[in-house]
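Asks: what would the 3D arrangement of this be:
(chains A and B)
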Amino acid sequence: MSETDYGDRVGREFPGGSYSLDVWRCWLVADTLLDDPWETTPHPVLAWMAGVGGMGMTWDDLFAWFDASADDGPMFGEHRTTLHRPLEAGATYAVSGRVVSVVRKVGRRAGAFDIVGYELDLHQEGTHVANCYNSIVFPRRGAA
Amino acid sequence: MSAPVAVGTVVPPHELDVDPEKMKVMAALLGDPNRIHFDSRLLEELGLDPRPVNQGPLNMGYLQTMLARWAGGRDRILSFQVRFLGNVLAGDRVRAEGTVTEVRADERGTIATCDVSLTVLGGAVALAGTAEVLVDPEPTQENDA
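Replies: Here you go, the predicted structure:
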């Protein structure tokens, strides 16, 4: 494990924004999960979806902060959601987020890769509703 | 949930077949341009299995669905943590499983900590982690006079 050239990105804030759990969106998400789309409480996976949907930048924008693109094959590493209160259909959440860690590792088979950790927070009228931590694994082919 | 929850209690498993049409809808909902989730021709050209790769959020969601059904609602999931260990492909049959490892009570009620995993049947574990679910929102009930 070592630091990378991207250490200065730690603490960088996402532009942020907002995300609405529209009823139609909740319905479709539950349906994609083969769960009951008529249930009124939004599926908890929408906490993460609201976070990335309202973080104020695209995946391509985020990848570019680390000199990567979708073609480099970034992968999900880890995910953690803490729900301080249940999600509500129809609610709009303020979203904020930031990069919290960047670590380089070298695997025998995978070679070098960077693990970028970021956090997203959902607030509703000043109340903290949820926090999501996620990591993205960026392959660094050719790096030592 | 009929029986009392204790360490070792097994969460009723949740099995399903992974549908590539649902991946297309999820790709649109996420605004995810990664074609490995819907473009079989691209996967073939890359020399990969032509079956589209399921999105991570869908794999997470299967586990959360299992926990919510067991605990009595989607609002019962308090925290959820997983590591992504492998891919799930279109047409795979997956099995979500969980086992209670700790039970405690706080001001919210009785909370069960569970080990959870999502396995491709005939394949490998794709996700593994832990979750906390509220299994009884009224912890003081039995002490009430």
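Asks: spell out which residues of chain A are next to chain B.
Replies: A:25, A:28-29, A:31-35, A:39, A:41-45, A:48-49, A:52-53, A:58-60, A:70, A:75-83, A:86-87 (CB under 8 Å from any CB of the partner chain). (Glycine included, C-beta is placed from N, CA and C.)
Asks: was I right about A:Pro74 contacting A:Phe63?
Replies: Yes: under the criterion of CB atoms under 8 Å, A:Pro74 makes contact with A:Phe63 at 6.2 Å.
Asks: neighbour count winner among these two?
Replies: A:Pro74 (21 against 18; other CB atoms under 10 Å in any protein chain shown).
Asks: remind me which residues of the chain are low pLDDT?
Replies: With no chain named, the answer covers chain A. A:1-4, A:143-144 (pLDDT under 70).
Asks: let's do chain B instead
Replies: B:1-2, B:139-145.
Asks: what about the helices in it?
Replies: For chain B, the helices defined by DSSP state H occupy B:20-30, B:40-45, B:56-71.
Asks: neighbours of A:Lys105, how many?
Replies: Neighbour tally, A:Lys105, other CB under 10 Å: 15.
Asks: rewinding a little: restricted to buried residues, select the residues of chain A next to chain B in PyMOL.
Replies: If you want just the buried ones from the residues of chain A next to chain B in PyMOL, going by 16 or more other CB atoms under 10 Å in any protein chain shown, the selection is:
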select buried, chain A and resi 25+28+29+31+32+33+34+35+41+42+43+44+45+48+49+52+53+59+76+77+78+79+80+81+82+83+86+87
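Asks: and the residues of chain A next to chain B, which of them are in helices?
Replies: A:Arg25, A:Leu28, A:Val29, A:Asp31, A:Thr32, A:Val45, A:Trp48, A:Met49, A:Val52, A:Gly53, A:Trp59, A:Asp60.
Asks: overlap of the contact sets of A:Pro74 and A:Phe63?
Replies: A:Phe138 (CB atoms under 8 Å, 6 or more residues apart in numbering or on different chains).
Asks: ok, what's across the strand from A:Val99?
Replies: A:Tyr118 (DSSP bridges).
Asks: rewinding a little: of all the ones in helices among the residues of chain A next to chain B, which two lie farthest apart?
Replies: Within these, A:Asp31 and A:Asp60 form the most distant pair, 27.3 Å apart (CB to CB).
Asks: ok, now which ones touch residue 70?
Replies: Here I'm looking at chain A. Per CB under 8 Å, 6+ apart, neighbours of A:Ala70: A:Trp59, A:Asp60, A:Phe63, B:Pro33, B:Asn34.
Asks: meant chain B actually
Replies: So B:Trp70 contacts B:Met1, B:Val11, B:Pro12, B:Gly98, B:Val133 (CB under 8 Å, 6+ apart).
Asks: pipe the residues you listed into TSV and attach neighbour count and distance to chain A per row.
Replies: Output for the contacts of B:Trp70, formatted as TSV (neighbours: other CB atoms under 10 Å in any protein chain shown; distance: CB to the nearest CB, whole Å):
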residue	neighbour count	distance to chain A
B:Met1	15	17
B:Val11	24	15
B:Pro12	11	15
B:Gly98	24	14
B:Val133	26	10
